[in-house]
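3D, please:
(one chain, ligands or ions: 2)
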Amino acid sequence: MRSGLPRLPIVTTLTSHTSGVPAAVAAIGATVLGAGVGELVAAIVAPSTSPFAVIGGGMIDIAPAWAKDLAISLFGTGDKAALLVGIAVLLLAVAGAAGVLERRRPPWGRVVLGALGVVGALAAMTRADAGTLSPVPSLVAGVVAAGVSTVLIRRLGRSATAGRPPEDGPTRRSVLALSGVAVAAGALAALGAVAMSGGARAVSAVRTALRLPTPATTTPVPAAAELGIDGLSPVITPSADFYRIDTALVVPQVDPATWSLRVHGLVEQEVVLRWDDLVALPQQETVVTLVCVSNGVGGDLVGTARWLGVPLRDILARARPTAEADMVLSRSIDGFTASSPLEALTDDRAALLAIGMNGEPLPIEHGFPVRMVVPGLYGYVSATKWVTELEVTRFDRAEGYWTPRGWSERGPVKLASRIDVPRAGSRIAAGEAVIAGVAWQTHVGVSGVEVQVDDGPWQSATLASAISADTWVQWSLPWNATAGDHTIRCRALSADGETQTETRTPPAPDGATGWQEARITVT
Ligand SMILES: Nc1nc2c(c(=O)[nH]1)N[C@H]1C(S)=C(S)[C@@H](COP(=O)(O)O)O[C@H]1N2
Ligand SMILES: [Mo]
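Ligands and ions are numbered 1, 2, ... in the order given. Down below sits the predicted model:
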């Protein structure tokens, strides 16, 4: 067998039967098993320690603003699912390569697989909600993947040392079969992990059983706020359709019984509020449109809900912020933070510590049991979900989650308008049609919307009754649609007398601007 020349692996591949395929398959099988077992261990230890979730969470945390924007523009609110699929594909590719490596240069393949477990463990330990057991699921996953792949790949090798051609039929087949068993077992373990997410079920049961207090004050929704046009966003967004944006791969499960809010920092009196204290306070129900700073022109990362809660003003008043304070850093149980100007939380606006959404307890993914909602500010600097802490501080001393990632420290909502009907890119029949949409600048209000078809004059749309300056307003304009391709533009006028700017800017760093142009084909 020995020749005088060093044999490169590639030459080995071509000259013998040592194809890397069985080794790659074995390592992939072992890795699926390891990942499945890791998820199962996480389900037992704590769902937030899931190896997938901590690695994905770590990637989200180190992603720069443009990457977040790109993910949202490519996948919308499916960005998290896309990330997890991406991690899985990458993991399997690395596992396959590690298998080939283990076959040719042992022990480096198993070292790579073990190292993946260590990466997961490190990611787990740096999560905001890390507990002492947090590295365990990833370490178990790494050990299982490395161990099982070693055993399987050695089996391939044994036949070679026994003098038979390596990877002869029976050995190769048995290793492939065992790899299949590993994949199946891994999938079963992962299914078990899903079924076992008992914590999630428990909090969801608590939520279902909750009864919200009756509000002391409510905001009426005039019937004329809803134009009732087919395809137009309803003036109140059903919770199930409400956009969801956050960095949480595993939705935090917070039991109201253990929830508390600590108000501290530049205050005369530190305050700790428990759930029972919060629901005993006078509640206000108000309608507010929530906008994501990542919402592009014409985008759908905006929604309106009836929020029930206690004015943040009342809560901060108990703590008595000192004169030097100018910011409140709200912190979620998952480590997310938002920097809101103290003034926006203490002036006369309906900035709420909210417990209800559209007549029900907050949905878990929208912040159950308690979140913030502040009219006039983008969500990333105000709408902290699963909130547990308000640190009264200063902009020159602290910063929110997105600020070091390329987003502005302050995020007042910009004037915007959107065309819902006809849907951009759609085809409609010629004749009497209607152009309709929504417009908003929360806490400022909208005084008008103008529409332009092709190069025609700007025409004033009819506004529905506004619920308040804190909500979007529907608008519509009749249109006699003639056959051909048309471009429809809209622009809003604010209650401050501002006209929505035509200048196109991207969402980062402080919100997109520009007019939406919807292209419609009329036939
Ligand atoms: N804990 C936590 N709260 C958060 C976020 C987050 O990532 N984590 N994202 C914020 C952003 S960017 C927005 S736009 C709103 C979205 O709220 P929603 O998911 O209820 O629509 O939540 C805010 N609150
Ligand atoms: Mo956002």
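
Nearest to ligand 2: which residue in the stretch 251-400 of the chain?
In the stretch 251-400 of the chain, the residue that lies nearest ligand 2 is residue 292 (3.3 Å; Cβ to the ion). Where you see a C-beta, it was placed from the backbone N, CA and C, and this is true even at glycine.

okay, now residue 332: neighbour count?
26 (other Cβ atoms under 10 Å).

whoops, residue 143 was the one
Residues lying near residue 143 (other Cβ under 10 Å) number 17.

who does the helix or strand hosting it touch, helix- and strand-wise?
According to DSSP states H and E, residue 143 maps onto helix 136-161. Here helix 136-161 touches helix 21-45, helix 51-62, helix 79-104, helix 108-125, helix 169-196, going by 3 or more Cβ pairs under 8 Å, 6 or more residues apart in numbering; DSSP states H and E.

contacting residues for residue 517?
Neighbour list for residue 517: 487, 488, 489 [criterion: Cβ atoms under 8 Å, 6 or more residues apart in numbering].

check the residues you listed against ligand 1, which are close?
By Cβ under 6 Å from any ligand atom, no member of the contacts of residue 517 lies near ligand 1.

I would like a ChimeraX command selecting only the buried ones among those residues, please.
Entered in ChimeraX, the line below selects the buried ones among the contacts of residue 517, by 16 or more other Cβ atoms under 10 Å:
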select :488,489
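
Looking at the contacts of residue 517, which one is closest to residue 311?
residue 489 (38.5 Å; Cβ to Cβ).

can you give me the helices in the stretch 401-523 of the chain?
Counting by DSSP state H, counting those that start in this stretch, the stretch 401-523 of the chain forms no helices at all.

Tell me the residue of it that sits nearest ligand 2?
Counting by Cβ to the ion, the stretch 401-523 of the chain gets nearest ligand 2 through residue 402, at 8.2 Å.

residues contacting that residue?
So residue 402 contacts 65, 293, 380, 381 (Cβ under 8 Å, 6+ apart).

So the second one sits against residue 378, correct?
Translated: residue 293. Yes. Using Cβ atoms under 8 Å, residue 293 is in contact with residue 378, at 4.0 Å.

more neighbours, those two?
Set side by side, residue 293 and residue 378 show more neighbours around residue 378, with 28 against 25, by other Cβ under 10 Å.

How about the contacts made by the more buried one?
Per Cβ under 8 Å, 6+ apart, neighbours of residue 378: 291, 292, 293, 411, 412, 413, 510, 511.

can we see that at 10 Å?
Each residue near residue 378 by Cβ atoms under 10 Å, 6 or more residues apart in numbering is listed here: 290-295, 301, 338, 402, 407-408, 410-414, 442, 507, 510-511.

List phi and psi for it.
phi -60, psi 160 (degrees, to the nearest 10).

Give me the distance between residue 496 and ligand 1.
As judged by Cβ to the nearest ligand atom, to the nearest Å, residue 496 and ligand 1 stand 23 Å apart.

Correction: the previous question concerned residue 111.
Distance from residue 111 to ligand 1, counting by Cβ to the nearest ligand atom: 35 Å.

One more: residue 354?
The value you get for residue 354 to ligand 1, if Cβ to the nearest ligand atom is used, is 10 Å.

give me the beta-bridge partners of that residue?
Going by DSSP bridges, residue 354 is paired in beta bridges with residue 309, residue 371.

picking up where we left off before, which residues are in contact with the residue of the stretch 251-400 of the chain closest to ligand 2?
72, 77, 243-245, 299-303, 378-380, 383, 411, 507, 511.

And for the nearest residue to residue 459 once chain neighbours are set aside, the neighbour number?
Nearest residue to residue 459, sequence neighbours excluded (Cβ to Cβ, 6 or more residues apart in numbering): residue 451, at 5.4 Å. By the measure other Cβ under 10 Å, the count of residues near residue 451 is 23.

how close does residue 451 get to ligand 1?
Separation of residue 451 from ligand 1 (Cβ to the nearest ligand atom): 27 Å.

heads up, I number from 21, so please use that
Renumbered: residue one is now 21, and that last one reads residue 471.

wait, is residue 363 part of a helix?
Yes. Per DSSP: H, G, I helix; E, B strand; the rest coil, residue 363 lies within a helix segment.

so what's it scoring on pLDDT?
At residue 363, the pLDDT value in this model is 98.

same thing with residue 505?
pLDDT, read off for residue 505, is 98.

Could you do residue 22 as well?
Confidence score, pLDDT, at residue 22: 41.

Excluding chain neighbours, what is closest to residue 223?
residue 273 (4.2 Å).

Report pLDDT for whatever residue of the stretch 321-470 of the chain ends up closest to ligand 1.
Minimum separation of the stretch 321-470 of the chain from ligand 1 (Cβ to the nearest ligand atom) falls at residue 399, amounting to 2.5 Å. For residue 399, the model assigns a pLDDT of 98.

That one contacts residue 427, doesn't it?
No. Using Cβ atoms under 10 Å as the test, residue 399 is too far from residue 427 to be in contact (11.4 Å).

got any residues that touch both of these two?
With Cβ under 10 Å, 6+ apart, residue 399 and residue 427 have common neighbours 313, 314.

which of the two has more neighbours?
residue 399 (26 against 23).

Quick check: chain neighbours aside, which residue is closest to that one?
Nearest non-adjacent residue to residue 399, counting by Cβ to Cβ, 6+ apart: residue 312, 5.2 Å away.

Residue 111 too?
residue 51 (6.5 Å).

Check residue 322 too.
Nearest to residue 322 is residue 311, by Cβ to Cβ, 6+ apart, at 4.6 Å.

quick one, what contacts the one you found?
Contacts of residue 311 (Cβ under 10 Å, 6+ apart): 263, 319, 321-324, 395-400, 403, 431, 433-434, 436, 460-462, 492, 531.

again, but for residue 99
For residue 99, counting by Cβ under 10 Å, 6+ apart, the contacting residues are 80, 88, 90, 91, 92, 93, 265, 314.

I'd say residue 440 and residue 255 touch.
No. Under the criterion of Cβ under 10 Å, residue 440 is not in contact with residue 255, lying 11.7 Å apart.

residues from the stretch 171-320 of the chain in reach of ligand 2?
265, 312 (Cβ under 5 Å from the ion).

which stretches of the stretch 171-320 of the chain form strands?
With DSSP state E, counting those that start in this stretch applied, the stretch 171-320 of the chain shows strands at 280-285, 291-294, 304-311, listed in chain order.

any idea how far residue 143 is from residue 449?
Computed with Cβ to Cβ, to the nearest Å, the distance linking residue 143 and residue 449 is 54 Å.

the more surrounded of the two?
residue 143 (23 against 10).

For the more buried one, list the residues it contacts.
69, 71, 73-79, 81, 150, 154-155, 158.

Run a quick neighbour tally on residue 109.
Residue 109, neighbours per other Cβ under 10 Å, totals 10.

Quick check: bridge partners of residue 409?
residue 282, residue 351.

I figured it was touching residue 281, is that so?
Yes. Residue 409 lies in contact with residue 281 (Cβ under 10 Å); the separation is 6.8 Å.

Now for the two: what residues contact both?
350, 351.

I'd say residue 294 and residue 408 touch.
No. At 11.2 Å, residue 294 and residue 408 do not qualify as touching, with contact defined as Cβ under 10 Å.
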